[in-house]
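Peer 1: how would this look folded up:
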Amino acid sequence: MIEHFDVENTRKAFLNHLQFVKTPGVLIVIFSTPTFLYRMTRFLAEFLDM
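Peer 2: All right, here's what the predicted structure looks like:
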């Protein structure tokens with residue numbers, strides 16, 4: 001549950017998962033709390049019809 005990490009460990013977890021995404025690929029990360037990043041990511045995903 002990435003939202004329970006501090007900022008630095010969240011970054012590390014995200015980058016660790018990103019290394020497994022093949023090119024071209026998409027990594028979708030969902031946060032259960034409506035943080036700024038969550039709202040922007042959700043807006044972008046909905047805008048792109050993902």
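
Peer 1: Poorly predicted segments of this protein, please.
Peer 2: Where the chain drops to pLDDT under 70, the residues are 1-3, 31.

Peer 1: for it, what spans make up the strands?
Peer 2: Remark: no strands are assigned in the chain by DSSP state E.

Peer 1: okay, now residue 9: neighbour count?
Peer 2: 11 (other CB atoms under 10 Å). Just so you know, the C-beta spots here come from the backbone N, C-alpha and C atoms, and that holds for glycine as well.

Peer 1: Spatially central residue for the protein, please.
Peer 2: Nearest to the mean C-alpha position of the chain, by CA atoms, centre = their mean, lies residue 29 at 2.9 Å.

Peer 1: my read: that one touches residue 16, true?
Peer 2: No. Residue 29 lies out of contact with residue 16 (CB atoms under 8 Å); the separation is 11.8 Å.

Peer 1: Can you check which residues contact both of these two?
Peer 2: Overlap of the contact sets of residue 29 and residue 16 (by CB atoms under 8 Å, 6 or more residues apart in numbering) is empty.

Peer 1: Contact partners for residue 18?
Peer 2: So residue 18 contacts residue 27 (CB under 8 Å, 6+ apart).

Peer 1: For residue 26, see how far away it is.
Peer 2: Using CB to CB, to the nearest Å, residue 18 is found at 11 Å from residue 26.

Peer 1: again with residue 4
Peer 2: For residue 4 relative to residue 26 (CB to CB), the value is 24 Å.

Peer 1: Over to residue 9?
Peer 2: Residue 9 is 23 Å from residue 26, by CB to CB.
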